[in-house]
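A.B. asks: Structure for this input, please:
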Amino acid sequence: MEIGVGLPTTVPDIDGRRLVDWARLAENHGFSSLGTLDRLVYDSYEPLTSLAAAAAVTERIRLTTSILLAAYRPGTPLLAKQLATIHEISGGRLTVGVAAGGRDDDFRATGAPYGDRGKRLDSILTELAEVWGGKGPVPGIGPFPKGEGPEIIVGGHTPAAMARAARFADGWIAGGSSATAYAELARQAREAWQARGRTDAPRLVALVYACLGPGAQEVAESYLRAYYSFIGPKAEMAAKAVITDAARLRETAAAYEAAGCDELLVFPCTAEAGQLELLAGATFGR
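C.D. replies: Next comes the predicted model:
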């Protein structure tokens with residue numbers, strides 16, 4: 001199983017220089033991917049701009065939207081151009097993870113309807129493929145990705161999300177779930193692939209939150225309570241689930257691997273440079 005790491009685009013102590021340095025150091029430490037979260041109505045950095053900056057200072061590491069809330073963005077042709085640009089700047093390293101989303105304020109902010117976001121996401125995924133193939137509503141929107149274009153992964157735990165992944169994507173990604181729950185969800189994703197008549201296997205991805213070092217529990221819980229405040233009392237559950245011990249992080253990674261995960265993305269709760277070294281030491285046993 002590969003181990004990736006999140007770009008700290010949503011944590012309280014991020015700044016532009018730290019973001020770029022984090023991307024460079026993550027590649028040097030051997031992480032497989034840099035992932036980004038997506039919030040519009042939040043004090044955070046925009047994920048596509050952040051990945052473009054990361055592309056400029058790295059050469060090998062994958063760049064992953066994990067996930068992008070595509071349906072609140074007006075205009076699929078513009079989104080297709082943005083994604084294709086990152087893919088080409090990075091030398092073909094972009095993985096586009098998308099999901100329907102669960103926060104209506106992000107949609108209200110751009111005037112996008114919230115109730116039919118799943119249906120519109122289906123349309124967006126269809127149109128992205130058309131634009132990248134030189135078609136779309138107005139043919140000729142480049143840059144045209146070389147080969148088959150960016151890898152697509154779809155997130156979500158519902159039957160509709162699984163079906164969407166099997167229809168449009170190369171893989172499936174789970175949000176915050178336990179390794180025990182992930183095994184069952186991974187089974188459902190494979191079944192959705194089979195029901196679609198696909199003979200390939202989905203690439204299975206998951207993410208967890210971790211924070212290591214002195215004061216880690218306090219730092220992580222404060223951040224996650226704020227980030228997940230939109231889910232009310234459940235925010236406390238998200239905060240308490242954070243991994244704050246190196247041994248537990250290694251055990252969690254092993255459990256996800258045993259559950260069939262192909263890549264685990266470890267999302268930080270602080271942008272301190274030393275945090276990345278701690279996460280690398282725990283996950284890679286250094």
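
A.B. asks: what about the closest residue in space to residue 125 that isn't next to it in sequence, distance to residue 97?
C.D. replies: Using C-beta to C-beta, 6 or more residues apart in numbering and skipping residues adjacent in sequence, the residue nearest residue 125 is residue 168, 4.2 Å away. C-beta: built from backbone N, CA, C; applies to glycine. Here residue 168 is placed at a distance of 12 Å from residue 97 (C-beta to C-beta, to the nearest Å).

A.B. asks: Look at the two and report which has more neighbours.
C.D. replies: residue 97 (27 against 18; other C-beta atoms under 10 Å).

A.B. asks: Let's verify that one: helix, strand, or coil?
C.D. replies: strand (DSSP: H, G, I helix; E, B strand; the rest coil).

A.B. asks: check contacts around it.
C.D. replies: Under the criterion of C-beta atoms under 8 Å, 6 or more residues apart in numbering, the contact list for residue 97 reads 35, 64, 65, 66, 67, 68, 152, 153, 154, 155, 173, 205.

A.B. asks: secondary structure class for residue 128?
C.D. replies: Under three-state DSSP, residue 128 falls in the helix class.

A.B. asks: which stretches of the stretch 51-200 of the chain form helices?
C.D. replies: Using DSSP state H, counting those that start in this stretch, the helices of the stretch 51-200 of the chain run over 76-89, 104-110, 117-132, 159-168, 179-195.

A.B. asks: Could I get these in CSV, plus columns for mean pLDDT?
C.D. replies: Converted to CSV, these look like this (pLDDT from 0 to 100):
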stretch, mean pLDDT
helix 76-89, 97
helix 104-110, 97
helix 117-132, 97
helix 159-168, 97
helix 179-195, 95
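
A.B. asks: Without its sequence neighbours, what residue ends up closest to the residue most central in space within the chain?
C.D. replies: The chain has residue 66 as the residue nearest its centroid, 0.9 Å off, counting by C-alpha atoms, centre = their mean. The shortest distance from residue 66 to any non-neighbouring residue, by C-beta to C-beta, 6+ apart, is to residue 35 (3.8 Å).
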